[in-house]
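Novice: Model the structure of this input:
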Amino acid sequence: MPKTCFILNPKAGPSRRLDMPALIARHFGALEPDYEIRPTEYAGHAVELARTAAAEGFRVVAAVGGDGTVNEVGRGLLGTAAALGIVPQGSGNGLARHLKVPLALPAALQQLAAPTFSRMDVGVINDHPFFCTAGLGFDAHVSQHFAQAGSRGLSTYLRVTLREYRHFQPVPVRVDLDGQITQTNCYVLAFANASQYGNNAYIAPLADLRDGLLDVCLIDALPVGRAIKVSLGMALGNLPQSKAAEYFRVPRGRVTAKAPIGFHVDGDYLGHATEFTIELLPLALAVAV
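Specialist: Below is the predicted model:
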C-alpha cells in the first residue's frame, strides 16, 4: 500500500460536520497503510503541504475536499514524483466524478488504499494550472458571486445562476484556437480538460484527460430558449449534439477581450483580464485512483 499523505480542508462540504481524522483512521488505518493527515489553515496552504509531502517521499498525496482543494494539491504536485489522490468532500467534485472516484467516504478510502496509478493532462490559463475546467464569461461571473453567497451547495449555485442570468452581458472577444481565429461574443468560453464542472453538469462530455487536447465550448449568446437547451444538454450529457454550443479540440489558445472579462479555474473565480493564454501540458500529473 502506498505511503499516503491526506491534505484535509476542514471547511469543505461534509468535512465541516464530520470528524474526518477519526473516519480516515477507521476506514483507512484499519488497512494498515502508512499515512499522515495534515489539515489546511488558509487559502493556498494545500499547495505548500502537497509540495512538502512530495519532497518527504509520500507516494500519494490525497486532497480531502472539493475541486478547489484538489486544484491546490495538484498544483503542489506538479513536477514531483507523487500522485494525486482524491477523497471527494466538496459540493461539485468534478474531477473526482470524471475519474470515477466513489463519492462515499468508505469506498473512496478503500479504493485509495490500493489505487491504480496513471497520468493525466493539465491545463494552464494565464499561468494558473487547472485540472478539470477553466472558463471565461458567465460561468466565471457565477463563480464570483457564488463565492460571496455565504453558503455552499447545489441549491445556492442554482439560485445564484438564475439571479445573475438576468444581469450578465457578454463581452466581444477575438479567439485564436491553435490558429483558427474567430471574432465573437463571449457568453461562455470553457476550456475543458475533464468532462464536467461538477454535479454531473457536462460542459464537454467528450473530453479526455489523456488525449493531449482541450475541449473548448463556445456560447456566444444565451437567450431563454437556448439557455433551456444548454441546461438540458449539460444535465443529459449531450450538449454537443444539441447544437446550442460550438466545440473545438485544440492544444492551445489565445483570447483577447474588448473589455475585462472574469475567468475561473476549477470553479474558483480568479479575477478579470483582457488577455488570456491557454495551453495544455500533456500527462503532466500522476494520479492515484
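Novice: Show me where the stretch 101-250 of the chain has its helices.
Specialist: For the stretch 101-250 of the chain, the helices defined by DSSP state H, counting those that start in this stretch cover 105-113, 138-147, 154-165, 224-236, 239-242.
Novice: Which among those helices is found nearest to D67?
Specialist: Of all these, it is helix 138-147 that lies closest to D67, at 10.7 Å by CB to CB. C-beta here means a position set from N, CA and C on the backbone, and glycine is covered the same way.
Novice: Need the winner for burial among the helices of the stretch 101-250 of the chain.
Specialist: With neighbours defined as mean count of other CB atoms under 10 Å, those peak in mean count at helix 138-147, which reaches a mean of 22.
Novice: Can you give the contact residues for that one?
Specialist: 156-157, 160-161, 163-165, 168, 170, 187-188, 190, 197, 222, 261-264, 267-270 (CB atoms under 8 Å, 6 or more residues apart in numbering).
Novice: now the helices of the stretch 101-250 of the chain as a markdown table including mean pLDDT and distance to I7?
Specialist: Below are those laid out as a markdown table (pLDDT from 0 to 100; distance: least, CB to CB, whole Å):
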| stretch | mean pLDDT | distance to I7 |
| --- | --- | --- |
| helix 105-113 | 92 | 13 |
| helix 138-147 | 90 | 21 |
| helix 154-165 | 86 | 24 |
| helix 224-236 | 95 | 30 |
| helix 239-242 | 95 | 33 |
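Novice: Dump these into TSV; add distance to G92 as well.
Specialist: Formatted as TSV, the helices of the stretch 101-250 of the chain follow (distance: least, CB to CB, whole Å):
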stretch	distance to G92
helix 105-113	15
helix 138-147	10
helix 154-165	8
helix 224-236	13
helix 239-242	17
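Novice: So for T256, which of these sits nearest?
Specialist: Going by CB to CB, the one of the helices of the stretch 101-250 of the chain nearest T256 is helix 138-147, 16.4 Å.
Novice: Specify the angle between that closest one and helix 224-236 in degrees.
Specialist: If you take axes from the mean of the first three to the mean of the last three CA atoms, to 10 degrees, helix 138-147 sits at 80 degrees to helix 224-236.
Novice: picking that back up, tell me which of the helices of the stretch 101-250 of the chain approaches I278 most closely.
Specialist: Nearest of the helices of the stretch 101-250 of the chain (CB to CB): helix 138-147, 13.5 Å.
Novice: Can you find which strand in this protein contains the most residues?
Specialist: strand 268-288 (DSSP state E).
Novice: Tell me which residues touch the residue lying closest to F130 once chain neighbours are set aside, please.
Specialist: Nearest residue to F130 in three dimensions, chain neighbours excluded: V265, at 4.0 Å (CB to CB, 6 or more residues apart in numbering). Going by CB under 8 Å, 6+ apart, V265 touches 71, 125, 128-130, 133-134.
Novice: Now intersect those residues with the strands, please.
Specialist: Using DSSP E, these in strands are 125, 128-130, 133-134.
Novice: Out of the residues you listed, which comes closest to A104?
Specialist: T133 (24.1 Å).
Novice: Run a quick neighbour tally on that closest one.
Specialist: 29 (other CB atoms under 10 Å).
Novice: check contacts around the closest residue to it other than its chain neighbours.
Specialist: Sequence neighbours aside, A192 is the residue nearest to T133 in space, at 4.9 Å (criterion: CB to CB, 6+ apart). Counting by CB under 8 Å, 6+ apart, A192 touches 132-133, 203-204, 207, 214-217.
Novice: nearest to R97, of the ones in strands among the contacts of V265?
Specialist: R97 has its nearest neighbour among the ones in strands among the contacts of V265 in T133, at 12.2 Å by CB to CB.
Novice: and the gap between that closest one and P240?
Specialist: From T133 across to P240, the span is 15 Å (CB to CB, to the nearest Å).
Novice: Pairing-wise in the sheet, spell out the partners of the residue nearest to F130.
Specialist: A134, D268 (DSSP bridges).
Novice: hang on, isn't G137 packed against V188?
Specialist: Yes. G137 is within contact range of V188, at 4.7 Å (criterion: CB atoms under 8 Å).
Novice: Mind listing the shared neighbours of the two?
Specialist: I219.
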